[in-house]
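# when you get a sec, could you give me coordinates for this:
(2 chains)
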Amino acid sequence: MRSRETERGSGLVAAVYALLLVLLVVSTVYIFAAHIWPMPPAITRVGHWIDEQYHLTLWVTGIIFILAQLTLAWMVFRYRDHGQKARFVRGSHILEIVWTTATLVLFTTLGAMAVRAWAQVHFISAVPGALQVDVMAEQFTWNFRYTGPDGKFAPTAPKYYSDANGNPFGIDPNSKDTDDIVSPILVVPVDQEVVLHLESKDVIHDFYVRELRIKQDIVPGMNIPIHFTPLKIGDYHIMCAQLCGLGHNRMHSMMRVVSESDFQAWLKKQEAENQQ
Amino acid sequence: MSAQPHSVTHHSEAPKSFIRRYIFSTDHKVIGVQYWLLALAAVTVGMVLSWLFRAHLAWPHLVIPGFGGQMRPEQYLALVTMHGTIMVFFVLTVAPQSGFGNYFLPIQIGADDMAFPTLNMLSFWITLVAFLVLISAFFTSGGAPINGWTSYPPLSAVGSVSGPGQGMGETLWVISIGLFCLASLLTALNFISTTIEMRAPGMSLMRMPLTVWGWFVTAVLGLLAFGVLLAACILLLLDRLAMTSFFVPGGLVFNDTQPALAHAGGSPLLWEHLFWFFGHPEVYIAILPAMGITSHILSNFSRKPIFGYKAMAYSLCAIGFLSFTVWGHHMFVSGMSPYSALAFSFLTLIIGVPSAIKTFNWLGTLWGGKIQFTTPMLFAIGFVSLFVTGGLSGLFLAQPSIDLPLHDTYFVIAHFHLVMAVAAIFGIFAGTYYWFPKMFGRRMSEKLGKTHFWFTFVGAYLTFMPMHWMGIMGALRRYASPGGLGFVARMAPIDIFITIAAFVTGAAQLLFYFNFFWSLRHGEKVDENPWHATTLEWSIPSPPPHGNFLAAPHVYRGPYEYSVPGYTEDYLPQHLTPEQVAQTAEAGS
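Down below sits the predicted model:
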């Protein structure tokens, strides 16, 4: 009696369930395939590598997603209770070995292929002569510092921090090096490598520019360098990606990638303002 | 039976007084229900909080009563923080492990109670106090904490100088989590001792239901993980209250105010390591019991043995072991050594292998079955679908280079909600619909249950799938509003869609509340084994008496003997003696 009760209506439930799973697959594949909501274009070579790896992973996971959800849909519909007898199977050693090995090989291969971009970001240092910029993050603003004409950063200490006096980096007022340029936005020349030295004066922040494909926490007490070479002129948002307090979502600035000549002109202008 | 000192040896009477019987009870079943009800209260609060912040994200100018005008950023962050903390600790840890585990682990292994009943009672009451302490943070003058459920220092360590919510609210958060850790440690000890010491004769490890394997491995994870978080919480509390510097480096200046804070020499990364050393096992603490429940139910309603029982048991152990080696994948962008990132990346990808084994075996269990679409079965199948979808996005985040653009975006929110939050909730629903008849002697309404399922299944996908693309486009989590970023502001239609989906899904949960409480009194009465299942809980009356078993149980076979050839019924319970089996077979032939 009980089996008849569960059998009744099982066709409809199975069909609806299977249909929903098919809809899930179709809509997901459509949104990815039609590039309805894509990543913004990358502007560095490493960014393109990361995108390649992302797309490879998208293909691999996409195929597994489609196969797994459709298999589930098929199982649900095909093996609904319509009065048949269940097959008595305890498992299969061969199948266990096959799918264990297959996933192990697939996943670790994927991981191995991802190393290249990571190595370029973190294991390889910037070329000598790359543009050096100090970054000081604080609740809830960004500060950028360039060496000025002497090519050297002036010495700093926390006791000299004073945003009110235009000295967010805490440059030693007694130092003879007075030509450092401090800016609320990051201006960099196109096609030239840039090294950012990331520091925070209060809590953990995170330097995030979507088009660079870079995200790096800025940890108080640490100086973390990151480097990249932007290949496309334009304005890009710098955002804080690590919860830093009530103004977290307002903590953004601009990375302005300009031509070499525009960059030199900008530096000149900043130096002139420094003199005043 | 007296030769079995560790199995059922006594049937003490249930206490007579109401308070000893239902409030300060040492009966594992009452404690299990208490945990379950605590999780229900917690999930209700957590869900309402999510509605509030979802409403704000969709309609930023909306004036919600009680917020003194439009929602301020710190109010938004407090909601997010409390939502995450309540859900992870007081729902996803409490219901599947402490709730169902307490009720059914002893019964499924043939024991009359937990190994340490009084300790068990104590664990529950400490957990309840922890919950009340957390909730009280809402009522402090400085407001509820705003640091997210991860509570990274220095933001969380230096007090009100770093902003609102960092005073008493954050202190209460730390104390609450510390208490929760303590209670969970005691629970873990109890589960482990019970499983090892109190199995009935014949209940070998390889005859334990996969639910028991899930709870057992989870208890081992809890024992090793909660101790670390407890230590971290004590250190954080000392940093906050005693001006120590475990997590706070020197020279910090807030709000342009000199001199710098008096802390010196601490490391924010230390907290991150300690927190995630707990935090990653924690997501498995939430999901392993749900995996056990799913396996159990899929086998029951496919009328088939679980496919690859041993592979299922071993893969639970493998996931448990590996879960302690992957915490660094939460820290790819933290500033830790980029070389260690590679090790964490590979270990994370490898933990995908036992997860995949489980999925294959679930599909193998359905294959060739005779699937009965009861409400618990619908949720168990839904668990498999959600686990696949949420698990696959983990393959992106496990690769450090792809994590660079996706870290801390809505992609991560989509990932962990599908794979551990919603999936675990599906495990909880499946378990509730499945065991309700055993716990209360009545069945929940199938009609309401199925309606609840369809809304929840479709609603969960509609809520969380779009977040993948928001993350891919670069939308960051923990943003109270687009904050002037045009590309985020242009995602407003997606936010509105998600919020409506979340509201509808949330509203559909009223069906569950109604079904649950209505069925307690009016549900169809059932006998001891309404699902024609095989494990020991179905061999005793519904609801089970104090002491569980009328006669000491003996186990003769594995837990999933369904549709055994040559046997008349399509289920062969673990407790039937070979003689009883032979008689039934004769009577049938």
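
# mind listing what's buried along stretch B:543-557?
Judged by neighbour count using 16 or more other CB atoms under 10 Å in any protein chain shown, the buried positions of stretch B:543-557 are B:544, B:546, B:547, B:548, B:549, B:552, B:553, B:554, B:555, B:556, B:557. Glycine gets a C-beta too; all of them are placed from N, C-alpha and C.

# quick check: the farthest pair among the residues you listed?
B:546 and B:557 (27.7 Å; CB to CB).

# next, the contact list for the residue of chain A found nearest chain B, please.
Distances from chain A to chain B, computed as CB to the nearest CB, single out residue A:221 as the nearest residue at 2.8 Å. By CB atoms under 8 Å, 6 or more residues apart in numbering or on different chains, the contact list for residue A:221 reads B:249, B:250, B:251, B:266, B:267, B:268.

# so the helix or strand containing residue B:319, near chain A or not?
Using DSSP states H and E, residue B:319 maps to helix B:309-322. Yes: Helix B:309-322 comes into contact with chain A (CB under 8 Å from any CB of the partner chain), by way of B:309, B:310, B:311.

# can you select the buried ones from these in PyMOL?
Only the buried entries of the residues of helix B:309-322 next to chain A go into this PyMOL selection, using 16+ other CB under 10 Å:
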select buried, chain B and resi 309+311
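
# for residue B:430, state which of the residues of helix B:309-322 next to chain A is nearest.
residue B:309 (19.2 Å).

# where in the chain is pLDDT low?
You didn't say which chain, so I picked chain A. The model of chain A has pLDDT under 70 over residues A:1-9, A:276.

# not what I meant, chain B
In chain B, residues with pLDDT under 70: B:1-12, B:588-589.

# tell me who's in contact with the residue of it found nearest chain A.
Relative to chain A, the nearest point of chain B is residue B:249 (2.8 Å; CB to the nearest CB). Contact partners of residue B:249, counting by CB under 8 Å, 6+ apart, are A:220, A:221, A:222, B:154, B:263, B:264, B:265, B:266, B:267, B:268.

# out of those, who's the most crowded?
For the contacts of residue B:249, the largest neighbour count, defined by other CB atoms under 10 Å in any protein chain shown, is 28 neighbours, found at residue B:154.

# that one against residue B:252, yeah?
Yes: if you go by CB atoms under 8 Å, residue B:154 and residue B:252 touch, sitting 6.1 Å apart.

# for the two, list the residues in contact with both.
Residues touching both residue B:154 and residue B:252 by CB under 8 Å, 6+ apart: A:202, A:220, B:263.

# quick check: the gap between the residue lying closest to the second one once chain neighbours are set aside and residue A:138.
The shortest distance from residue A:220 to any residue that is not its chain neighbour, by CB to CB, 6 or more residues apart in numbering or on different chains, is 4.6 Å, and that residue is residue A:200. Residue A:200 sits 7 Å away from residue A:138 when distances are taken as CB to CB, to the nearest Å.

# just the strands in the chain please.
Just going to use chain A. A:131-138, A:141-146, A:181-183, A:186-189, A:194-200, A:205-209, A:214-218, A:224-228, A:234-240, A:252-258 (DSSP state E).

# could you do chain B instead?
All strands of chain B, identified by DSSP E, fall at B:442-443, B:524-525.

# care to break the chain down by domain?
The chain I'm using is chain A. Domain assignment for chain A by automatic domain parsing gives A:2-81+A:92-121, A:129-275.

# hmm, I had chain B in mind actually
For chain B, the structural domains run B:25-248, B:333-522, B:526-589, going by automatic domain parsing.

# now those domains as a markdown table including distance to residue A:229?
Shown next, in a markdown table, are the domains of chain B (distance: least, CB to CB, whole Å):
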| stretch | distance to residue A:229 |
| --- | --- |
| domain B:25-248 | 31 |
| domain B:333-522 | 16 |
| domain B:526-589 | 59 |
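
# which one, of those, ends up nearest to residue A:252?
Using CB to CB, the domains of chain B put domain B:333-522 closest to residue A:252, at 6.3 Å.
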